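Asker: sequence and computational prediction follow.
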Amino acid sequence: MIGGRKFYLSIYTLIFCPFVFQSQNFPDIKTFFQSLSDSISKIKDIKMNIYASERQSNPNSYISARSFVKIKYNPVKKIYFKNPEKGLEILYDPNVGHKALVKPHIFPYLPLWLDTRGNIMRKNQHYTIHELGFDFILKSIQMTVIKDKDFFKHARWAGSVMRNGYDCMLLIYENPSFDYTEYTVTEKDNLDLLCLKLCINHYIVRVKNDLYNDYKPVKKGTKLVIPNLYAKKAVIYFDKKTYLPVIISLYDDAGMFEHYEYTNIKINSGIPDEEFRKDFKEYKF
């Protein structure tokens, strides 16, 4: 996971001021992101349900899934993930090792230690388990603000609405300058690090370059087609009480490629360490 869970807007020449609501009860967007950063930085642990719909290599094909996740931060990020429909369970504790313990939903149903960034765990997935949680979302917003010098002209509040039981503010970001450029892979680059460094979406890069579900190292000198921004358009519903995003939809030039909904969010409930051990009584590893 990307380091740094605070969004220091001040270092990006943004002006910090108290969280004051403007007309129609919408906050100044710059100030709102500082409050969003503060809210996320205070998360010590979190439990939530996630609904995900992700476009596959075929632009008309999507895979949807419902899952439950627990995350505990500090001193390291520990993760428990479960897909109840498939009976899939994943446990990751970097104190134990760099691999995750996975109880698969297919024969022989025996727990396996798998590379969190390897082909098996990432098949048909836009992200790894390291990107679970709001810290990655915050980092993506942070990098987009840096890259798009006119970010605050392209972002606007679009109203208040109830979504999944949350009273939300709807933020829409759209940049008409979204486009693609050519990038030559250097000796020090791999695709994961490149996407993180440039704040571009793994899915878009892999599909544009015929690398979907291909996680082998990319050779030096390879020419890639990459987007200039993380997404062309983002539609995000923020909970008015916590400022956390509860629905996120991202679009490229072909339409929506990712949609996520976060429900039953429980913050700082005090998840004990034993719930990140494979012998915890509720798990079936």
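Answerer: Right, received. Where do you want to start?

Asker: low-confidence bits of the stretch 1-150 of the chain, can you list those?
Answerer: Applying pLDDT under 70 to the stretch 1-150 of the chain picks out residues 1-24.

Asker: the strands in it, which residues?
Answerer: Assignment of strands within the stretch 1-150 of the chain using DSSP state E, counting those that start in this stretch yields the ranges 45-55, 62-72, 78-83, 88-92, 99-103, 112-115.

Asker: okay, those in JSON lines with distance to residue 178 and mean neighbour count next?
Answerer: Placement of C-beta: from N, CA and C, glycine included. Formatted as JSON lines, those follow (distance: least, CB to CB, whole Å; neighbours: other CB atoms under 10 Å):
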{"stretch": "strand 45-55", "distance to residue 178": "16", "mean neighbour count": "18"}
{"stretch": "strand 62-72", "distance to residue 178": "21", "mean neighbour count": "17"}
{"stretch": "strand 78-83", "distance to residue 178": "31", "mean neighbour count": "20"}
{"stretch": "strand 88-92", "distance to residue 178": "33", "mean neighbour count": "22"}
{"stretch": "strand 99-103", "distance to residue 178": "34", "mean neighbour count": "20"}
{"stretch": "strand 112-115", "distance to residue 178": "32", "mean neighbour count": "14"}
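
Asker: which one of those strands lies nearest to residue 236?
Answerer: Among the strands of the stretch 1-150 of the chain, strand 45-55 comes nearest to residue 236, with 15.1 Å by CB to CB.

Asker: show the contacting residues for residue 222.
Answerer: Taking CB atoms under 8 Å, 6 or more residues apart in numbering, we find residue 222 in contact with 184, 185.

Asker: quick one, phi psi at it?
Answerer: Backbone geometry at residue 222, expressed as degrees, to the nearest 10, gives phi -60, psi 130.

Asker: before we move on, back to that, columns distance to residue 260 on top of the strands of the stretch 1-150 of the chain, output as CSV?
Answerer: Formatted as CSV, the strands of the stretch 1-150 of the chain follow (distance: least, CB to CB, whole Å):
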stretch, distance to residue 260
strand 45-55, 5
strand 62-72, 11
strand 78-83, 14
strand 88-92, 17
strand 99-103, 20
strand 112-115, 23
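
Asker: what's the closest of these to residue 231?
Answerer: Going by CB to CB, the one of the strands of the stretch 1-150 of the chain nearest residue 231 is strand 45-55, 12.2 Å.

Asker: out of the strands of the stretch 1-150 of the chain, which comes closest to residue 171?
Answerer: For these, the distance to residue 171 is smallest for strand 45-55, at 19.4 Å, taking CB to CB.

Asker: for the longest strand along the chain, which strands pair with it and how are they oriented?
Answerer: Counting by DSSP state E, the longest strand found in the chain is strand 255-267. The pairing partners recorded for strand 255-267 under DSSP bridges are strand 45-55 (antiparallel), strand 245-252 (antiparallel).
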